[in-house]
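Visitor: My questions are about this predicted structure, shown below with the sequence.
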Amino acid sequence: MDAKLTLKLDQEVIEKAKIYASGKKLSLSRLIESYLSSLTSDKKNDDDSFEISPFIKSMQTGVKIPADLDYKKEYGNYLAEKYK
């Protein structure tokens, strides 16, 4: 059974969401319904932690980053090499 829901959101967020939904050939209502459904689904991990979304999982590169990485030094090296 469908029910009506009124939300107050930032106008820029609404416009971006409409463009995203249109690109996926979905209505904004269906997009939000799908998202809320995924948040409230009965599927729970055994350790009761939150589930990582498929979009975030799709961003995995497989590159292992050392815990002691000095990212400022690495970025400095990158810029020095770039502007040689």
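Guide: Thanks, I have the structure now. Numbers count the residues shown, from 1 in each chain.
Visitor: make it CA atoms for all contacts and neighbour counts henceforth
Guide: Will do.
Visitor: Distance check, Glu74 against Ala80.
Guide: 10 Å (Cα to Cα, to the nearest Å).
Visitor: same question, Glu51
Guide: 40 Å.
Visitor: buried residues in the one helix or strand in the chain whose mean pLDDT sits lowest?
Guide: When each helix and strand of the chain is scored by mean pLDDT, DSSP states H and E, helix 54-58 comes last, with a mean of 75. Of the residues in helix 54-58, none is buried under the neighbour-count criterion (16 or more other Cα atoms under 10 Å).
Visitor: That one packs against which elements?
Guide: Helix 54-58 is packed against no helix or strand, with contacts defined by 3 or more Cα pairs under 8 Å, 6 or more residues apart in numbering; DSSP states H and E.
Visitor: tell me the mean pLDDT over the following helix or strand past that helix?
Guide: Once helix 54-58 ends, the next helix or strand along the chain (criterion: DSSP states H and E) is helix 71-82. On average, the pLDDT along helix 71-82 is 94.
Visitor: Now helix 71-82 - C-alpha only, PDB.
Guide: Presented in PDB, the C-alpha positions along helix 71-82 are these (Å, rounded to 0.1, in the frame of the first residue of the first chain):
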ATOM      1  CA  TYR A  71      50.200  11.000   2.800                       C
ATOM      2  CA  LYS A  72      51.500  14.600   3.000                       C
ATOM      3  CA  LYS A  73      55.000  13.500   2.000                       C
ATOM      4  CA  GLU A  74      53.600  11.300  -0.800                       C
ATOM      5  CA  TYR A  75      51.500  14.100  -2.100                       C
ATOM      6  CA  GLY A  76      54.500  16.500  -1.900                       C
ATOM      7  CA  ASN A  77      56.500  14.000  -3.900                       C
ATOM      8  CA  TYR A  78      53.700  13.700  -6.500                       C
ATOM      9  CA  LEU A  79      53.500  17.500  -6.900                       C
ATOM     10  CA  ALA A  80      57.300  17.800  -7.100                       C
ATOM     11  CA  GLU A  81      57.400  15.200  -9.900                       C
ATOM     12  CA  LYS A  82      54.400  16.700 -11.700                       C
END
